[in-house]
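Chemist: Here is the input, now give the coordinates:
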Amino acid sequence: MLWVSQDRTEQSLRGFFKSLTADGRAGIRFVCSDMRRQHLNVIAEQISAALHVLDRLHIMRIMEMTLDEVGRGEVARFGRSSKIITAA
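Modeler: Modelled structure (predicted):
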């Protein structure tokens, strides 16, 4: 089953799960979402046994944000005057 709604809210996703029977929820083996915190919470609550499949776009976005954050932290920690050592 594919669920698409106009809104990307927790309430919208809860509406989907309310439309299912207990057997219907239990039958969901895989789920893919855009990893919004409110969606993750509802998915964990409603179908915790399902495998959450993450798509490459969102994984790469999180990795890029994390690398940027680490880079900014390193610049702050070592200061801008630190010399960069490169391999010849």
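Chemist: Only the buried residues of stretch 17-24, if you could.
Modeler: When burial is assessed from 16 or more other Cβ atoms under 10 Å, stretch 17-24 yields the following buried residues: 17, 20. Every residue, glycine included, has its C-beta placed from N, CA and C.
Chemist: mind checking the end-to-end distance for it?
Modeler: 9 Å (Cα to Cα, to the nearest Å).
Chemist: Can you tell me what sits against that stretch?
Modeler: Applying Cβ atoms under 8 Å, 6 or more residues apart in numbering, the set of residues contacting stretch 17-24 from outside is 1, 25, 42, 46-47.
Chemist: for stretch 50-64, the distance to its chain's centre please.
Modeler: Mean-position distance between stretch 50-64 and its chain equals 6 Å (Cα atoms, centre = their mean, to the nearest Å).
Chemist: and it, average pLDDT?
Modeler: For stretch 50-64, mean pLDDT rounds to 88.
Chemist: Also stretch 10-22?
Modeler: 92.
Chemist: which helix is the longest one in the protein?
Modeler: helix 56-78 (DSSP state H).
Chemist: Dump that helix to PDB, keeping only the CA atoms.
Modeler: Presented in PDB, the C-alpha positions along helix 56-78 are these (Å, rounded to 0.1, in the frame of the first residue of the first chain):
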ATOM      1  CA  ARG A  56      20.000   7.900  -0.700                       C
ATOM      2  CA  LEU A  57      18.900  11.600  -1.000                       C
ATOM      3  CA  HIS A  58      18.100  11.900   2.700                       C
ATOM      4  CA  ILE A  59      21.100   9.900   3.800                       C
ATOM      5  CA  MET A  60      23.400  12.100   1.800                       C
ATOM      6  CA  ARG A  61      21.800  15.300   3.100                       C
ATOM      7  CA  ILE A  62      22.300  14.200   6.700                       C
ATOM      8  CA  MET A  63      25.900  13.200   5.900                       C
ATOM      9  CA  GLU A  64      26.600  16.600   4.300                       C
ATOM     10  CA  MET A  65      25.100  18.500   7.200                       C
ATOM     11  CA  THR A  66      27.100  16.400   9.700                       C
ATOM     12  CA  LEU A  67      30.300  17.000   7.800                       C
ATOM     13  CA  ASP A  68      29.700  20.700   7.600                       C
ATOM     14  CA  GLU A  69      29.000  20.800  11.300                       C
ATOM     15  CA  VAL A  70      32.200  18.800  12.100                       C
ATOM     16  CA  GLY A  71      34.200  21.100   9.800                       C
ATOM     17  CA  ARG A  72      32.900  24.300  11.500                       C
ATOM     18  CA  GLY A  73      33.700  22.800  14.900                       C
ATOM     19  CA  GLU A  74      37.300  21.900  13.800                       C
ATOM     20  CA  VAL A  75      37.800  25.500  12.500                       C
ATOM     21  CA  ALA A  76      36.500  26.900  15.800                       C
ATOM     22  CA  ARG A  77      38.700  24.500  17.800                       C
ATOM     23  CA  PHE A  78      41.900  25.000  15.900                       C
END
